[in-house]
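**Q** predicted structure and sequence below. I'll ask about it afterward.
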Protein chains: 2
Amino acid sequence: MSEGAAQPVGSGGIPEATISRLPRYWQVLRDVRGQTTISSQQLAEAAGVNPAQLRKDLSYLGSVGTRGVGYDVGRLIDMVSGHLIGPASRPFMIIGMGQLGSAMAAFTGYAERGFRIAALIDIAPGLVGRRMRVAAAIGPTTMVVRSIDEIEQVVAETGATLALLCVPVRVAQQTVDRLAAAGVDSILNFAADGVHAPEGVRLRDVDLGRELQILAYYQQHPGAPAARPEPAAAEPDAVPTSAASDPSNDKKVSV
Amino acid sequence: MSEGAAQPVGSGGIPEATISRLPRYWQVLRDVRGQTTISSQQLAEAAGVNPAQLRKDLSYLGSVGTRGVGYDVGRLIDMVSGHLIGPASRPFMIIGMGQLGSAMAAFTGYAERGFRIAALIDIAPGLVGRRMRVAAAIGPTTMVVRSIDEIEQVVAETGATLALLCVPVRVAQQTVDRLAAAGVDSILNFAADGVHAPEGVRLRDVDLGRELQILAYYQQHPGAPAARPEPAAAEPDAVPTSAASDPSNDKKVSV
DNA sequence: GAATGTGAAGAAGTTCACAGCA
DNA sequence: TGCTGTGAACTTCTTCACATTC
């Protein structure tokens, strides 16, 4: 059917903006696994987006809602995670086991989100070979830190081509190059300082300084539009003194 | 229409998309502090954006380039950081001194980016009162962890209304409410699990799971257009395969 | 001559509004 | 009746192209 509406994106078909929202939908869906169906209204509200937006986003996945009813929660979860992660849990490595890397290893949310730690990597002789705590699917466990010199072997053994880069800034570039050479094609970079991604590697920066600066901008410029249009009533800036907030989900000001 | 296409955004004047790019320009500018001027061409290339985009972005700041010459680097740095951070360094608090919070405290890039740690906060009796290492403007130093019960006082003393939230997910919401009540109006949230921002609070989520899922999507769908258009010039990048041995491995955890 | 600043064209993303199906 | 799916309107963002200034 159809033709008119051109495919919004050349290859994959799903617009970038939609992809970046999928994880949020997915998370909301996990939180409501109890119910069997959910309407675009409900899901959109919980995710903080417009219902039409949500329906359009889901329609890109080749949607399967039922008119008059809503979406089947279980089916939608499968569908979204199929697109995001694939059928099996996805292995990844943590590179650099300093404080940040250790904190990442201790994060308990991986399994739930479809990932699993395949290896911990460092270069320091003092760390390589040591056991460190990691959060696994079934409670915490430990894992031996391996050397970056074995990286090719680790990639071959585990099949992990996704890495969390937690090394100091000054070795970030060389480490990225090293990983790329070993076949890693996707890197989440916490060193974030103008690291250049080699051909064929997808690098995503998480830059603390950037996030802080953006927040600081909005602190300095009150009145700047954040993310929410939401007409709502103009309220006299009543700061809730008691933690209890009203349940009517007034949209967040997330910037 | 009346005013023509003048002010593109209602209140502040600067489009959101532009604001989110300013930190990147700023960082590039810091890296080239040596030269006195820079052209939109050069700056744009280093930042990985289109030159026209860059010029338009800068023009929102009430730009001050010189035709035929380029931009004065020093002046531009002042201008951009004036918009992002303001005249003085901006104080912030780290809430939750677990592994993640400790890693954040050790991050050495704050001063350079216009921020300074004003306080470390936790709730655990075992931590409150203890000294922890933090990276300060002049080398590392230590700071006493204070209780969240003193939060109002800390805010009053330090003037910090910006917080890095590094607490476990399950107490994230209540902590946010607590901070909001104490006058904190901007929060960078690492717990990131559908935390709701009280009225008047700007919450920005850094969600590890989300970032991973987005990367995983592109792994599964090669050919989809990613983030990097076509960044910097090809640099002759001497690839140091032998990673620098780094004894002080954990100190400079750059996050 | 060289590079900025910007109107206008173009692309991408969002929201509306309603047809169509359960 | 209720809610999805989607063309079309609308808004925002990006890029082009060129007049303008040094």
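**A** Structure received. Numbering: from 1, shown residues only, chains lettered A, B, ... in the order given.

**Q** got the residues of chain A near DNA strand D?
**A** Neighbours of DNA strand D within chain A, by C-beta under 7 Å from any atom of the strand: A:2, A:4-5, A:39-41, A:51-52, A:55-56, A:58-59, A:63-71. (Glycine included, C-beta is placed from N, CA and C.)

**Q** list buried residues within those residues.
**A** Neighbour-count burial (16 or more other C-beta atoms under 10 Å in any protein chain shown) applied to the residues of chain A next to DNA strand D gives A:40, A:55, A:58, A:65, A:70, A:71.

**Q** could you verify that the last one is part of a strand?
**A** Yes - going by DSSP: H, G, I helix; E, B strand; the rest coil, the assignment for residue A:71 places it inside a strand.

**Q** pLDDT at it, what is it?
**A** Reading off the confidence values, residue A:71 has pLDDT 97.

**Q** tell me the bridge partners for it.
**A** Residues found in beta-bridge contact with residue A:71 (criterion: DSSP bridges) are residue A:38.

**Q** could you report the separation of residue A:33 from residue A:77?
**A** Distance from residue A:33 to residue A:77, counting by C-beta to C-beta, to the nearest Å: 7 Å.

**Q** next: residue A:42.
**A** Where residue A:77 is concerned, residue A:42 sits at a distance of 15 Å (C-beta to C-beta).

**Q** ends of stretch A:160-168, how far apart?
**A** Stretch A:160-168 has an end-to-end distance of 22 Å (C-alpha to C-alpha, to the nearest Å).

**Q** off-centre distance for it?
**A** Chain-centre distance of stretch A:160-168: 14 Å, with C-alpha atoms, centre = their mean, to the nearest Å.

**Q** could you work out the end-to-end span of stretch A:113-130 for me?
**A** The straight-line separation of the ends of stretch A:113-130 (C-alpha to C-alpha) is 27 Å.

**Q** next one: stretch A:36-55
**A** 18 Å.

**Q** list the helices and strands the helix or strand that contains residue A:155 packs on?
**A** Per DSSP states H and E, residue A:155 falls inside helix A:151-158. Contact partners of helix A:151-158 among helices and strands, from 3 or more C-beta pairs under 8 Å, 6 or more residues apart in numbering or on different chains; DSSP states H and E: strand A:90-95, strand A:115-122.

**Q** I'd like to check the angle between the longest one and strand A:90-95, please.
**A** Using axes from the mean of the first three to the mean of the last three C-alpha atoms, to 10 degrees, one finds that strand A:115-122 and strand A:90-95 are set 20 degrees apart in direction.

**Q** strand A:115-122 pairs with which strands, parallel or anti?
**A** Partners of strand A:115-122 in its sheet, by DSSP bridges: strand A:90-95 (parallel), strand A:140-147 (parallel).

**Q** quick one: it to chain centroid distance?
**A** Strand A:115-122 sits 17 Å away from the centroid of its parent chain (C-alpha atoms, centre = their mean).

**Q** outside of that strand itself, list whatever touches it.
**A** A:85, A:89-97, A:101, A:105, A:110, A:128, A:132, A:134-137, A:143-148, A:151, A:154, A:158-160, B:209, B:212, B:216, B:249 (C-beta atoms under 8 Å, 6 or more residues apart in numbering or on different chains).
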